[in-house]
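>>> Sequence below, structure please.
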Amino acid sequence: MSEINVNLKTKRLELTSWQYLKHFYFALIPFAIYFVTVSVDWSIGNGFLVALVISLIVILIQWRILKFKEFKINCTHQDLIDAMHRSARSLDWNVESTLDVIYAYDKEVFEYRYNTGYLIVVAKTNSGFIFNSLSDPRKFVVPLLKPYYKLNLEVFKKHLIDIVKGIDYNETFPSLSNEWTFKKILVRIFLYPLSLALIALFFYFLFNSEALSFKSFIASAISFIVSVVYLIYDIKGIVKLGTNNNKK
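Now for the predicted structure:
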């Protein structure tokens, strides 16, 4: 997989053009809905302004997700690497590092897994380190969330503190009971009906030749793909959560 890059001055994750598309793709959905259901011959009306506002809100949220949080602690770059390896050992992840950045990601590259936030990224600063846990922008992300941010941060900080204090590795695994937080439930209440409606709309245009046009097919096909990807990733995460909770 491609490397993860961090701008240490702005404390933000740097993305390639393709990664920007994967990270911000959900902002295209309001426009797709508008041009399929409201617009006539690609015309722009009041509904377009609503779609624009919703897209800007999504872009703002996704943009803020790329921001790192800084923590002050007396540690070395090697301490951060060792702490990330301990965290990855707990979560069964891959770890990679460069001169400035250490990051861990799920071994199952194309799957949403119950115990990950997809990606943990850490970089050394003069007074400590900066941390972020987010959906991996090298894949199509689950929008509007930083999955398992608090849990991943808790695990990493514990391992780092242990290393600084000279404490040997101690198996640490986050609780798997946070899949149904208020924020996640609220997001699902909004996204599940929307995704199902977009999937139904795609099949309506596909099998209704009178309503089908090039414009409606392209817009509904984009909405269909995004909706299916989101539902598959999220449902897989819920199923794996239940399976592993039962094992415990």
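>>> Tell me the spacing between the residue sitting furthest away from the middle of the chain and Y204.
Ranked by distance from the centre of the chain (C-alpha atoms, centre = their mean), the top residue is E210, with 38.3 Å. Here the distance between E210 and Y204 works out to 11 Å (C-beta to C-beta, to the nearest Å). In short, each C-beta sits where N, CA and C put it, glycine included.
>>> contacting residues for N132?
13, 66-69, 120-121, 146 (C-beta atoms under 8 Å, 6 or more residues apart in numbering).
>>> Next, give me the two most distant ones among those residues.
K67 and I120 (14.9 Å; C-beta to C-beta).
>>> Between the two, tell me which one has more neighbours.
Taking K67 and I120 together and counting by other C-beta atoms under 10 Å, I120 has the greater number of neighbours (28 against 13).
>>> sec struct for the more buried one, please.
The three-state label given to I120 by DSSP: H, G, I helix; E, B strand; the rest coil is strand.
>>> what pairs with it across the strands?
As for beta bridges, I120 partners with A104, S133 under DSSP bridges.
>>> helices and strands around the longest helix seen in the chain, which ones?
In the chain, assigned by DSSP state H, the helix with the most residues is helix 214-247. Packing partners of helix 214-247 (3 or more C-beta pairs under 8 Å, 6 or more residues apart in numbering; DSSP states H and E): helix 29-37, helix 182-207.
>>> about what we covered before: quick one: secondary structure of the residue farthest from the centre of the chain?
Assigned with three-state DSSP, E210 falls in the coil class.
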